[in-house]
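K.L.:
Quick one, fold the following:
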Amino acid sequence: MPNSVPVDKYTVGIARRILGSACETDTGARRIVADAEAAGVEPMRRFARLAGLSDSKLYERAAEAIGLAFTGNVPAAARLKRGTDPIERLNQVHWIRGTLIDRDVLFVAPGLRRLAALGRRVRQQPELVRQICVVPPGRLQDRLSTLHADALMRRALDRLAHRWPLASAHKELTGSARVVFALFAAAVVVVATAMPDPALAIVAPVLAVVYLTPAVFRLAAAVAGAFHPGRERLDPLAEDRLPGYTVLVPLRDEAELVGQLVHAMLAIDYPSDKLDIKFVVEATSRSTIDALTPRLSEGPFELVEVPDAGPGTKPKALNYALPLARGELLAIFDAEDVPEPDQLRLAAAKFEANPEFDCLQAELVIDNAAENPLTALFAAEYAAQFGLVFPAMARVGLPMPLGGSSNHFRVRALIEAGGWDSYNVTEDADLGVRLARLRYRCGTLVSATYEEAPVTLGGWLRQRTRWLKGWMQTLIVHNQQPLKLLEDMGWWRMAAFELYVGGQVLTAPVHALFIALIGWRLATGEDIARDTVSLSFMGILVLGYASAIIAALFGLRRFGRLKLGWAQLLLPAYWVLTSVAAMRAAAQLVARPFVWEKTTHARTRLQRRQFKVHTGRILERAKGIEPSS
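P.N.:
Residues are numbered from 1 along each chain as shown. Below you'll find the predicted structure:
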């Protein structure tokens, strides 16, 4: 809540000493403090923005203003004492007690009002000068995180299990459940390709429904998207109405991308005093930490080190950092992401205009699409998925298996949903389904985040294997109690989930075998023109290809990239590769369910899209591929 307490002369004096030449009158300082508090911003953060100060310099001036000692970091030699605050409130803690040599010391990172109160107390009790030391908030949070690392890790691992045990892969993805699913998938393959023709003729219509339902939905989404307006008209929020925004960027072994990433985050057009950007880095990634550390003073950045503990997954890292988030809204970006600078402003405006939405998925756009046929196919797939299919799902209220990046959440809803499943290797899809079960609405945001597609077959195969394994995990977990799933979702949403997610997972391995079976019959001289089953297979394949190609072309057209359409000629081979990934995924599901096959980035030879760094309005875009329409 905004602070309505008048700003007294003593507080104004402290404000002026901190602001220095950025404010030369008491009236101006009083107005700055009042405006910041009216906007829900801590005045100290507003001072840093107006005076162009790093946190270290800001709090050094603050300490000098009230006559206390300052240190840029809580000394490593200090023996710190854990507080009693719950983990969920760790982001609100502004002090920590410790012992340094033979002296008890209170390390503080106060806001302006607390700073003034502390200054008055020091004037009354001068001996406190030896017992209190001011530190920057980010450095205090670092030590608090380290001090409470065990509790943060426990919460990261069991947050969802405590909140909702039936939705946790750790609890529900048992060995027997995985084996049963793998056997069921194998049975589908056998039924589709090895049964005698008379029996298969009976089963074929069922297979056609499962196989073609996602295809029909893609086709409908493509047609609908062609007539649906693109960018929404959203009234921009005045700066004082913008909410606090946390951005989490999970990183592991990404030192090569640090320069690009910092540039992309600095280009975000959002008031820095309302922005909380946390680089969430696995403690084992020393090169990444070393590359980030000297860059932290360049923006509203903090480093969160995640202790080395299994499973080594992205959702575990996100859950570890979630209690430290300070914003009302929260966004996820990956290491290679370059979001359009106004994305956070657009998301804040859409949340404000649509209180029924608790999550927004922005568009993921591949900016190295022209590198080779694999990246071109990947880009077309993304164009259809994020430009057409997801918006169609949002319009009719279907469960949306989110993309892993550019998700925007109301923090309240995210916490109520249990955060991410630390044991699901496609945590985004699982969270989208869980939000639907809780009847939270997911929408889409017409704002691009540019990503790098895998440029090698091995990189693509590992990534696609992980995605399909995660979708399999999601299917198993949410189908453990089908009647409960039906109660939570309703029949319409449940059917959509089973047919869209389940259809894509179960038919992926079948596709290659369809091709092989038809090829075998042609090679052995069978007259497939008289073979109803073979003709049915061919019809299913043709309809599947046609729907995917049409959706891809419509999606590429929407982003002004139809010149990539030639790659659709290779779609059959691309789907065969997906079949291979699905078989790998099923094998890993049984033997290595929680292993995270990480995508390697910074492999493209093309120049990545960039935006000019700014602190106010959006500046011109740097040269690159055509912007989305």
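
K.L.:
Wait, residue 276 touches residue 304, no?
P.N.:
No: counting by C-beta atoms under 8 Å, residue 276 stays clear of residue 304, with 11.1 Å between them. In this view, the C-beta of every residue, glycine as well, is placed from N, C-alpha and C.

K.L.:
Looks to me like residue 208 is in a helix.
P.N.:
Yes: according to DSSP: H, G, I helix; E, B strand; the rest coil, residue 208 belongs to a helix.

K.L.:
So the residue lying closest to it once chain neighbours are set aside versus residue 464, what's the distance?
P.N.:
Leaving aside its chain neighbours, residue 208 sits nearest to residue 540 (5.5 Å; criterion: C-beta to C-beta, 6 or more residues apart in numbering). Distance, residue 540 to residue 464, using C-beta to C-beta, to the nearest Å: 22 Å.

K.L.:
And the residue nearest to residue 494 when sequence neighbours are not counted, how far from residue 437?
P.N.:
Once flanking residues are discounted, residue 494 sits nearest to residue 486: 5.3 Å by C-beta to C-beta, 6+ apart. For residue 486, the distance to residue 437 (C-beta to C-beta) stands at 10 Å.

K.L.:
any idea how this structure splits into domains?
P.N.:
9-143, 161-176+184-242+356-400+412-591 (automatic domain parsing).

K.L.:
Which of those domains has the highest mean neighbour count?
P.N.:
Of all the domains of the chain, domain 161-176+184-242+356-400+412-591 has the most neighbours on average by mean count of other C-beta atoms under 10 Å, namely a mean of 19.

K.L.:
Show me the shaky parts of the stretch 401-550 of the chain.
P.N.:
The stretch 401-550 of the chain contains residues with pLDDT under 70 at 527-534.

K.L.:
what is the rounded mean pLDDT of whichever strand or helix holds residue 382?
P.N.:
Under the criterion of DSSP states H and E, residue 382 resides in helix 373-384. Mean pLDDT, computed over helix 373-384, is 95.

K.L.:
Residue 473 against residue 173, yeah?
P.N.:
Yes: counting by C-beta under 8 Å, residue 473 touches residue 173, with 5.8 Å between them.

K.L.:
in the stretch 451-600 of the chain, which spans are helices?
P.N.:
When secondary structure is read from DSSP state H, counting those that start in this stretch, the stretch 451-600 of the chain shows helices at 457-478, 482-489, 491-497, 503-523, 532-558, 571-591.

K.L.:
Using JSON lines, please lay out the ones you listed together with distance to residue 430.
P.N.:
Shown next, in JSON lines, are these (distance: least, C-beta to C-beta, whole Å):
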{"stretch": "helix 457-478", "distance to residue 430": "5"}
{"stretch": "helix 482-489", "distance to residue 430": "13"}
{"stretch": "helix 491-497", "distance to residue 430": "11"}
{"stretch": "helix 503-523", "distance to residue 430": "13"}
{"stretch": "helix 532-558", "distance to residue 430": "24"}
{"stretch": "helix 571-591", "distance to residue 430": "14"}
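
K.L.:
Residue 330: which of those is closest?
P.N.:
helix 457-478 (21.0 Å; C-beta to C-beta).

K.L.:
by contact count, what packs against that closest one?
P.N.:
When contacts are defined as 3 or more C-beta pairs under 8 Å, 6 or more residues apart in numbering; DSSP states H and E, helix 457-478 sits against helix 169-172, helix 175-193, helix 373-384, helix 427-437, helix 503-523, helix 571-591.
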